[in-house]
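>>> Structure, please.
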Amino acid sequence: MRFLSSVIKEMKKVTWPTGKEVNKYTITVIMTVLAALCFFAVVDYGVHQLITFLLK
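Got it, this is the predicted structure:
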């Protein structure tokens, strides 16, 4: 029982993000993932083209 009361006490200290902050962080994560996706797609295409060129 002591553990649960300690958990409740600690959870009361947590500062939860506002809706605006959640939206901002979500957009940041999505944009970062899209940027990484584009980067790796370009690198993958380039490596594919290089290997195709070298094997012909």
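>>> which residues of this structure fall in helices?
For the chain, helices defined by DSSP state H occupy the ranges 2-13, 19-55.
>>> Centre-most residue in the chain?
Of all residues in the chain, the one closest to the mean position by Cα atoms, centre = their mean is Val29, 4.6 Å from it.
>>> Could you measure from that residue over to Val22?
In this structure, Val29 lies at 11 Å from Val22, with Cβ to Cβ, to the nearest Å as the measure. The way it works is simple: take the backbone N, C-alpha and C, and place the C-beta from them, glycine included.
>>> got it, and Thr32?
When Thr32 is compared with Val22 (using Cβ to Cβ), they lie 16 Å apart.
>>> Could you dump the helices of the chain into JSON lines with mean pLDDT added?
Formatted as JSON lines, the entries for these read as follows, by pLDDT from 0 to 100:
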{"stretch": "helix 2-13", "mean pLDDT": "94"}
{"stretch": "helix 19-55", "mean pLDDT": "98"}
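>>> what's the neighbour count on Lys20?
Here the neighbour count serves as a burial measure; for Lys20 (other Cβ atoms under 10 Å) it reads 8.
>>> likewise the one 10 residues further on?
When neighbours are defined as other Cβ under 10 Å, Ile30 has 10 of them.
>>> Next up, the contacts around it.
With Cβ atoms under 8 Å, 6 or more residues apart in numbering as the criterion, no residue contacts Ile30.
>>> what's the distance between it and Asn23?
The value you get for Ile30 to Asn23, if Cβ to Cβ is used, is 11 Å.
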